[in-house]
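Chemist: Build me a model from this:
(chains A and B, ligands or ions: 2)
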Amino acid sequence: MTRKAFWQGNEAVLEGAVAAGARFYAGYPITPSSEIAELASRRLPALGGVFIQMEDEIASMAALVGASLAGAKAFTATSGPGFSLMQENIGLAIMVEAPCVVINVMRSGPSTGLATKPAQADVMQARWGTHGDHPAVALVPASVSECFSLTVAAFNLAERLRMPVFVLSDEIIGHMRERVEVPPEGSLEIWERPRPSGDPSEYRPYRPGPDGVPPLAEFGGPYVFHATSSMHDERGVSANDAGTAAALIARLGAKVLRNWELLPPPEIVDTASLLGSGHDRPGKGAKPAGGVLLVAFGSSARSARQVLVDHPERFVTLFRPRTLWPFPEAELSALVEDHESVVVAEMNTGQLVLEAERVVAGRRPVRAALRSDGEIITPEEIWEVVCGRRDARAGRTGESWSGTGGSGR
Amino acid sequence: MKDRTAGPTRSRARGYTDYLDEAALPHIWCAGCGNGNVLKALLGAFASRGLDPRMTVVVTGIGCWGKADDYIRTNAIHGTHGRALAVATGVKAYRPELAVVALMGDGDFATIGGNHFIHAARRNIGVTAVVANNLNYGMTGGQYSGTTPAGSLTSTSPYGHAEEGFDLCALAEAAGAAYVARTTAYHYRQMETLIAEALGVDGFSLVEVLTPCPTYYGRLNREGSAPEMWRALKERARGGSFGCLVRRDRPSFAERYAGVQAAARAGTGTEVGPDAR
Ligand SMILES: Cc1ncc(C[n+]2csc(CCOP(=O)(O)OP(=O)(O)O)c2C)c(N)n1
Ligand code: SF4
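Modeler: Ligands and ions are numbered 1, 2, ... in the order given. Prediction:
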């Protein structure tokens, strides 16, 4: 039976991880993520799992790779400063194709920043934080309920794609409490990593299956294998030639794009679908004039949704990615021409808006509602940009940086 | 002290070649380098312990010695520079029944990875660290490391090194390692015996192997040809503290964590954490 719980976001993350089969946690405490570590230390040992507080986040991420290749569904949780330290071995996990999940409960930066306050400024770090060409998958919950469901999805994707998957929540989502309908045990769809079968002497740990993902054995079983951070061939043996390098880099990227349909889709709501029939939107092809396509994720999307509620007179479509990386570009692109302008709301100085601009490709004007002072962006601030009175990046030539930044506050 | 390789992992008598990937030879190391000897002793110790390659995980760092896994036919992870012990900790913490061996240079182990070293020892995680200490960074061209002695000439201390080097064994002892030994690449039998002993330890074990890098450290410090460096190593071992230096019974991480799991299952954990506040 579906159970009702009243969870904190961070608690829902832990519950999602446990439900997905996570049995190894290595981490280093940091606000606003520490509840996840504390709960993991209580829950995992009773399940035969392991919690270990490492000496730093570099070690935490390294330990995830070791445990993952030893067969564990492994995860960690952190915030900006720790996410920065993890980047080195996130690269290792990508290269050796070790499934694992990294929860980043985002806080304000740079550096120690505002340690207890929210931000969404790790958008590009999640995409490009570790060096070299690589794929990235990042999921972005906007509610406590999604902290649960998207953490389950993150483990599923990590295992299916054999790679680290990020969950980017933030201080607001991580610390607020909401009611969650917990699906009955056994009803969740749980995916496992592809495993090898057949003669151990024939096992090639980096020979892709039909979906581009190679089957993964685990240490201690019948298969003996090598994993290396260096460029390598199908046997996991380091190889320096250009052909091997090109093929591996291409496959690592392609395995994500080929499995696009596995990624949680964006939520698309407009005034009519949100407020019901009284606000029926005219049939397709007859979009009301002045329609705005509003793009927001995580806690910003909660304020953005309120804009639709507060201003039913204005036609606004909210496009809320649940998967931030790879960015759902086809889905966004399909909506652009039904609207007169695009507005991106986010709690940073303008990161996702760059991606939106790339997708919009000049077809419509793109404005931004931004805030990066550790306070949540409000519906009013977003409304100002939606109705065209303000654009956080307008005339950004120098003087607009003299104030507190963001939307001119 | 518990012998973690006794029992099912012990099998028929093996030789070092059982663990050597001969197809991967020739190795990359310079003529006169000590790494080849250390590799043979390591694999000889695997053989004397009868390690099952399926139940053995070798974790390496980045460096000349860190390339050793290329020639080893057990499971292996060739990780990132300095992080071998942290990777190994993840493997061992999750699967305590595996034999986990970390191969690192002095740069890996004592310099960039120094924090992981002291915490692995403190935690008493059942990993055997076999450290090839050549007093410099071989792989990147002979720069100074955390063990380079004061006054030494290296590619980054052209006027003489202004810092002192660590005594790795003293550090390991202070940090809590269950087993600590020192030998040299010259003393093949001792090396093999000490590594085999270390492999039988339930907690954290370190075998430090002093080894020559004739290409950089030896050349820059005018220590003569490779044979002269080897002769000097033989002499050095007569002076200082060599052989097994520390052997003590301390509960390993695996042993203690099994207790944590039992307490958690029995519900005897202290009620701390978010819901209890
Ligand atoms: C994070 C990082 N920094 C620097 C390097 C470059 N690097 C590779 S090996 C090495 C030092 C190797 O020295 P050591 O660990 O003593 O091993 P040796 O080559 O002497 O066997 C360095 C600095 C790297 N690979 N990664
Ligand atoms: S550079 Fe030094 S440590 Fe590296 S292989 Fe050559 S002799 Fe050995």
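Chemist: pull the helix or strand with minimum mean pLDDT from the chain.
Modeler: In the absence of a named chain, chain A is used. Every helix and strand of chain A was ranked by mean pLDDT, DSSP states H and E. The lowest is helix A:271-275, at a mean of 83.
Chemist: my bad, the chain I had in mind was chain B
Modeler: Each helix and strand of chain B was given a mean pLDDT (mean pLDDT, DSSP H and E); the minimum falls on helix B:226-239 at a mean of 92.
Chemist: Distance check, residue B:219 against ligand 1.
Modeler: Counting by Cβ to the nearest ligand atom, to the nearest Å, the separation of residue B:219 from ligand 1 is 14 Å. The way it works is simple: take the backbone N, C-alpha and C, and place the C-beta from them, glycine included.
Chemist: Work out for me the element that residue sits within.
Modeler: Under the criterion of DSSP states H and E, residue B:219 resides in helix B:219-220.
Chemist: picking that back up, tell me which other helices or strands the least confident helix or strand of chain B touches.
Modeler: Where contact means 3 or more Cβ pairs under 8 Å, 6 or more residues apart in numbering or on different chains; DSSP states H and E, helix B:226-239 is packed against strand B:179-184, strand B:205-210.
Chemist: returning to what we had before: buried residues in the least confident helix or strand of chain A, which are they?
Modeler: Residues of helix A:271-275 classed as buried: A:271, A:272 (neighbour count, 16 or more other Cβ atoms under 10 Å in any protein chain shown).
Chemist: mind listing what the helix or strand following it pairs with, with the direction of each?
Modeler: For helix A:271-275, the following helix or strand on the C-terminal side (DSSP H and E) is strand A:292-295. Here strand A:292-295 has these sheet partners by DSSP bridges: strand A:316-320 (parallel), strand A:341-346 (parallel).
Chemist: Which one, of those strands, ends up nearest to ligand 2?
Modeler: Between ligand 2 and the strands paired with strand A:292-295, the shortest gap by Cβ to the nearest ligand atom is with strand A:341-346, which sits at 48.8 Å.
Chemist: pLDDT averaged over that closest one - what is it?
Modeler: When pLDDT is averaged over strand A:341-346, the result is 98.
Chemist: Skipping adjacent residues, who's closest to residue 244 in space?
Modeler: Went with chain A since none was named. In space, not counting the residues next to it along the chain, residue A:244 is nearest to residue A:233; the distance is 5.4 Å by Cβ to Cβ, 6 or more residues apart in numbering or on different chains.
Chemist: not quite, I wanted chain B
Modeler: Take residue B:244 and drop its neighbours on the chain: the residue closest to it by Cβ to Cβ, 6+ apart is residue B:181, 4.6 Å away.
Chemist: related to what we said a few turns ago, now the helix or strand that the least confident helix or strand of chain B is followed by against strand B:205-210, angle please.
Modeler: Downstream of helix B:226-239, the first helix or strand assigned by DSSP H and E is strand B:243-247. Computed by axes from the mean of the first three to the mean of the last three Cα atoms, to 10 degrees, the angle separating strand B:243-247 from strand B:205-210 equals 150 degrees.
Chemist: The helix or strand following strand B:243-247 packs against which elements?
Modeler: The first helix or strand that comes after strand B:243-247 along the chain, using DSSP H and E, is helix B:253-266. Using 3+ Cβ pairs under 8 Å, 6+ apart as the contact criterion, the secondary-structure elements in contact with helix B:253-266 are helix B:84-94.
Chemist: Adjacent strands (with direction) for whatever helix or strand comes next after the helix it packs on?
Modeler: The helix or strand immediately downstream of helix B:84-94 is strand B:99-105, counting by DSSP H and E. The partner list of strand B:99-105 in its sheet, established with DSSP bridges, is strand B:56-60 (parallel), strand B:127-133 (parallel).
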